[in-house]
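Chemist: below are the sequence and a predicted model for it; my questions follow.
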Amino acid sequence: MAQTLACLRGWHVALAQAELSALIPQAEFAELSPRLLSTFGDLDGKMVTTLDCSSGIQCFLHDAHVVEYTPENIRQFLDNVSVSLEDFPQRGSLAVRTLRIAGKIADFSTRTLAGQIGGIATDLGYSINLDEPDYEVGLIADGGSNIVACGWLTGDFDDSIGTATRRATERPFFRPISLDPRLARLCVNLACGPIDDQAVLDPMTGTGGFAMEAVTMGRNCLAVDMDEMMVTGTMENIAWALGDKTEGADYQVINGDACHLNRVVPDDWQGRISGVVLDPPYGRNSHGSQNHNDLIKSTIMSCRRVVNETARLVLIVPIKPTGSEEITLLHGNWDDFSRMLSKAGAELINQWQEHVHGSLSRLILLASVAPLD
């Protein structure tokens, strides 16, 4: 069975690994290096759809060959690549694309090896076309692990995923403190898994960062906020993000209290919700004197009244950067917070830290949330 490699982007590798597992749960991936993961499962039909919605997955190499670099190993590596090129059932124009990750491999040139692969392809009847090829071969050199990998490329080596155009300052309605769209998109994927006919719930949508990412990747989305101005602004932002690609978009933005969702979530959305994304307000919030833990607990329990049996929650919490796995919340302490989550019925699955700047990091929590009768 052919090997397929997933190459991850480098902005937060641990989160990208989790996103890969969420989007393709049926495949078992083994880590060759932090950014290269291998599977022998059948990914046909899943690679393109996964890349279309992913934040942390850069590309796939199918029918891939992997080797730890030595001059001797490269000779056998080229023989294996030659067999794959020869066995491919069609001929046409081809380009060899190169990517170097985690630094350079000593005494190794990706350009030279790409030229050798191009020469083999030419001898086998392919033509070389770097501008508009029929097929692309990807060559990846991982300096951190001394690994060289080559295979048929799905995706590309462009590190941009288009989210920069949806940064807070680019939106028609924004507030200065907003999630990076890359993180917002990844959180939606962690909560919901593969794109299907289920829905994501954003119970405190604010300016709609989660909702924009959900809708633009083709997910069904219900966004809620108790501030009418935020509801109007989120609708404006989603319409702006979609542009003329509104056909088939299934979303709704409603005015309501996140602590009483069963009163405001329409009947046709209840039971469809398989993922919840929550980035609660801290400091002054629209719930007046209610403290942060009580607000989050009430919101989680409220979400449990409208979700389905498989629902997961992604919750973002501001923390102090410590340079370690120690968790120091900006508001309250971790022991109290974790007890609150447990009482609210959120069972932690995993957690990650994301550095923002010198005085702020974010804790990204993934939890299961069973429906509450």
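Modeler: Cool, got the structure.
Chemist: for the protein, give me the ranges with low pLDDT.
Modeler: 283-289 (pLDDT under 70).
Chemist: can we see that at 50?
Modeler: Within the chain, the segments meeting pLDDT under 50 span 285-286.
Chemist: which residue ranges make up each domain of it?
Modeler: 4-155, 163-369 (automatic domain parsing).
Chemist: and residue 152, how many residues sit next to it?
Modeler: As a burial measure, residue 152 scores 19 neighbours (other C-beta atoms under 10 Å). Just so you know, the C-beta spots here come from the backbone N, C-alpha and C atoms, and that holds for glycine as well.
Chemist: that one against residue 47, yeah?
Modeler: No - applying C-beta atoms under 8 Å, one finds residue 152 not in contact with residue 47, separated by 10.2 Å.
Chemist: mutual contacts of those two, please.
Modeler: Overlap of the contact sets of residue 152 and residue 47 (by C-beta atoms under 8 Å, 6 or more residues apart in numbering) consists of residue 62.
Chemist: how much space between residue 42 and residue 64?
Modeler: With distances taken as C-beta to C-beta, to the nearest Å, residue 42 is found 14 Å from residue 64.
Chemist: these two: which is more packed in?
Modeler: Higher neighbour count among residue 42 and residue 64: residue 64, with 24 against 12, using other C-beta under 10 Å.
Chemist: what sits against the more buried one?
Modeler: With C-beta under 8 Å, 6+ apart, residue 64 has these contacts: 2, 3, 4, 5, 38, 149, 150, 151.
Chemist: phi, psi for residue 344 please.
Modeler: Dihedral angles of residue 344 (phi, psi; degrees, to the nearest 10) stand at phi -80, psi -10.
Chemist: also residue 245?
Modeler: When read as degrees, to the nearest 10, the backbone of residue 245 gives phi -100, psi 50.
Chemist: cool, and residue 255?
Modeler: phi -90, psi 130.
Chemist: relative to residue 115, how far out is the residue nearest to residue 35 when sequence neighbours are not counted?
Modeler: In this structure, residue 35 finds its nearest non-sequential neighbour in residue 8, 4.5 Å apart by C-beta to C-beta, 6 or more residues apart in numbering. According to C-beta to C-beta, residue 8 stands 27 Å off from residue 115.
Chemist: more neighbours: which of these two?
Modeler: residue 8 (24 against 12).
Chemist: for the more buried one, list the residues it contacts.
Modeler: The contact partners of residue 8, by C-beta under 8 Å, 6+ apart, come to 16, 17, 20, 34, 35, 36, 37, 56, 57, 58.
Chemist: the first one falls within a helix, correct?
Modeler: Yes - using DSSP: H, G, I helix; E, B strand; the rest coil, the secondary structure at residue 16 is a helix.
Chemist: hang on, isn't it packed against residue 9?
Modeler: Yes - contact status for residue 16 versus residue 9: in contact at 5.9 Å, counting by C-beta under 8 Å.
Chemist: the more surrounded of these two?
Modeler: Taking other C-beta under 10 Å, residue 16 and residue 9 do not tie; residue 16 has more neighbours (25 against 20).
Chemist: show me what contacts the residue nearest to the more buried one when sequence neighbours are not counted?
Modeler: Leaving aside its chain neighbours, residue 16 sits nearest to residue 56 (2.7 Å; criterion: C-beta to C-beta, 6+ apart). Shown in contact with residue 56 (C-beta under 8 Å, 6+ apart): 8, 9, 11, 12, 13, 15, 16, 17, 19, 20, 182, 186.
Chemist: who wins for neighbours among those?
Modeler: Busiest of the contacts of residue 56 [other C-beta under 10 Å] is residue 186, holding 29 neighbours.
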